[in-house]
Each structure stands twice: as C-alpha cells, then as structure tokens.
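Asker: Test case, fold it:
(one chain, ligands or ions: 3)
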Amino acid sequence: MGVGQRDYEKESTRNATVEDCYRKNHIHKTYEFAKKKREEYEKLDKAVMSIWESCELLNEFVDESDPDLDEPQIEHLLQSTEAIRRDYPDQDWLHLTALIHDLGKVLLHPAFGGQPQWSVVGDTFPLGCDFDESVVHHKFFKENPDYQNPSFNTKFGIYSENCGLDKVSMSWGHDEYMYLVAKGNNTTLPSVGLFIIRFHSFYALHRAGAYTYLMNNEDREMLKWLKLFNKYDLYSKSKVRIDVEKVKPYYLSLIDKVN
Ligand SMILES: O[C@H]1[C@H](O)[C@@H](O)[C@H](O)[C@@H](O)[C@H]1O
Ligand SMILES: [Fe+2]
Ligand SMILES: [Fe+2]
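Answerer: Numbers count the residues shown, from 1 in each chain. Ligands and ions are numbered 1, 2, ... in the order given. Below is the predicted model:
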C-alpha cells in the first residue's frame, strides 16, 4: 500500500462497517433507483438552509463508507478547504468547491428525508453500462439487478463512445444531490467547480483510470482539476483539529461573495 492509499481489505471493525455499507450500496443502487431519487430531489423542496448551517448539521454524522475518517464531517470539510486554501490562496472558487463538496450528505438528516448511509455515501459509478472491476467491493454488484440486464451489462451499455459525462447516469448519492442543489440555486461557481462536486466520488475514473471512453474533450480538461482536488479530499484527513470559530469569518465572507 502506498502512502495515502485507502486500504479496504485490512481486517478491522471499521472496515467491516465499510464493507457492509458497500454491500447494500452495490445491491440497491440501480439505474432505476438513481432516476427516482433524482426526480424526487431535483425539486429541492425538502428544506431551506444556509451553507454554514448545512456544514454544522453534518457534524452529527460519521460516514460509514470511509475507511480513513472517524472525525465528524465538518472537520473534513474544513481540513480539506484549509489545505487547498494554503496552496491556492487566490482561487476562491476552489475554496468554496472544497467547502461544499460533501454537503450533499445532509440527505442523512431527517430534514432532508433521513436517507440510509448506503444511499448517500461511498464511491460512485456509472449506471446503464458495465460495472468496472476497479470499483471498490465490486463483488457485491453480482446481486444488483442491473448486472443481469443485457441492455446495461456491456462496455458501452446505453451510451456511445465519448458521449460526455454529463449524459451519464451516475449512482445516486451526495455528489449528484449537491450538484443539483448548486445548479438549482444558480450558483456562481465555474463549471469545473460543479464538475468536481458531481464526480468527486468517481474513484474508478479519477484514481483507476476506468471509463475514460465515456468522456468528451471538455471532461478531459476538467479531470485535471478533479485529480488535483482529490489530493486534498484524501490526504488532508488528519487528527489535527481545526479551530472552527477561528476560520469561520473567512468562510462566511466567502459564502457571502457567491450568494
Ligand atoms: O467514503 C468516502 C466518502 O463517502 C466520500 O465523501 C466520498 O466522496 C468518497 O467517494 C467515499 O469513498
Ligand atoms: Fe464525498
Ligand atoms: Fe470529501
């Protein structure tokens, strides 16, 4: 295992939880499920909440799919944003992208429908075509009904080569939800910021290099930023706690700027 590589195989109680989460995730996340959830949640009719309030709301949750992180989610948001801010002080769109990238996990909260962990967290993957071997815990897909569907279970499935990721139906989760929320609120984030939010859990693409044949040229440009972002999403996870009250004023002004 290289430094910073996620170890899903090591025997531990943490990994047993992670594995169980992915078992349910892979069995239930079908093309149909994603379609239904998208239709339900793109109405944006669950609750009205500010960005900072959503960050605080996430504090009560620990992500059951994450082998590396036991800290509350707000720590992760601030740690990754602080790290990216240190290296790219002038790119405020990148700071905001990092701050909000996981806010879709509010789906776990009763105010947003209290969705189960398996439906909200974990890596994402395309639906309507083959499940690539590089997707974590791939073995559980055998029990996913799409696995047997002949229109879906080929390399391209329902897609054509280089169709562009925008056309691809990704498994439902916090990425797609936050993308819908940002778009539906007419965000001022550049399209690459939205791309990062929407595909940050697509590890099979940005870490393993699978599914590249679904990308178009624009996706290939944006993938560079997604890879850069991923370094901060992963490697900033640490036990060094952030002084929330100290950094809060900067974030409030950042949020203000884009609203
Ligand atoms: O366990 C993690 C976590 O749920 C992240 O928020 C998600 O983006 C990753 O893809 C996943 O591996
Ligand atoms: Fe995430
Ligand atoms: Fe994250």
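Asker: How many residues are close by Trp52?
Answerer: Other residues within reach of Trp52, judged by other CB atoms under 10 Å, total 14. The C-beta positions use only the backbone N, C-alpha and C, and glycine is treated the same way.
Asker: Could you give me the buried positions within the helix or strand harbouring it?
Answerer: Element membership for Trp52, per DSSP states H and E: helix 51-57. Using 16 or more other CB atoms under 10 Å as the test for burial, helix 51-57 gives Ile51, Ser54, Cys55, Leu57.
Asker: ok, now which ones touch the residue of the stretch 1-150 of the chain found nearest ligand 3?
Answerer: In the stretch 1-150 of the chain, the residue that lies nearest ligand 3 is Asp102 (4.4 Å; CB to the ion). Residues near Asp102 by CB atoms under 8 Å, 6 or more residues apart in numbering: Leu58, Gln73, His76, Leu77, His174, Met178.
Asker: what do you get if the cut-off is 7 Å, keeping everything else the same?
Answerer: Gln73, His76, Leu77, His174 (CB atoms under 7 Å, 6 or more residues apart in numbering).
Asker: Can you give me the buried ones in stretch 192-208?
Answerer: Neighbour-count burial for stretch 192-208, counted by 16+ other CB under 10 Å, picks out 192-207.
Asker: does ligand 3 sit close to it?
Answerer: No: for stretch 192-208, no contact with ligand 3 is found by CB under 5 Å from the ion; the gap never falls below 6.5 Å.
Asker: do the same with stretch 176-187
Answerer: No: figure legend: stretch 176-187 not in contact with ligand 3 (CB under 5 Å from the ion); closest approach 10.7 Å.
Asker: since we're on Ala111, how many residues are nearby?
Answerer: For Ala111, the count of nearby residues is 14 (other CB under 10 Å).
Asker: So it is in contact with Ala47, correct?
Answerer: Yes: contact criterion CB atoms under 7 Å: Ala111 and Ala47 qualify, at 4.6 Å.
Asker: how about the helices of the stretch 101-250 of the chain, start to end?
Answerer: Under the criterion DSSP state H, counting those that start in this stretch, the stretch 101-250 of the chain contains helices at 117-120, 174-184, 191-199, 203-206, 217-235, 244-258.
Asker: what helices or strands is the third one leaning on?
Answerer: The one in question is helix 191-199. helix 92-100, helix 174-184, helix 217-235 (3 or more CB pairs under 7 Å, 6 or more residues apart in numbering; DSSP states H and E).
Asker: next one: the fifth one
Answerer: Under the contact criterion of 3+ CB pairs under 7 Å, 6+ apart, helix 217-235 touches helix 73-87, helix 191-199, helix 203-206.
Asker: so which of those comes closest to Lys10?
Answerer: Ranking the helices and strands packed on helix 217-235 by proximity to Lys10 (CB to CB) places helix 203-206 first, at 17.6 Å.
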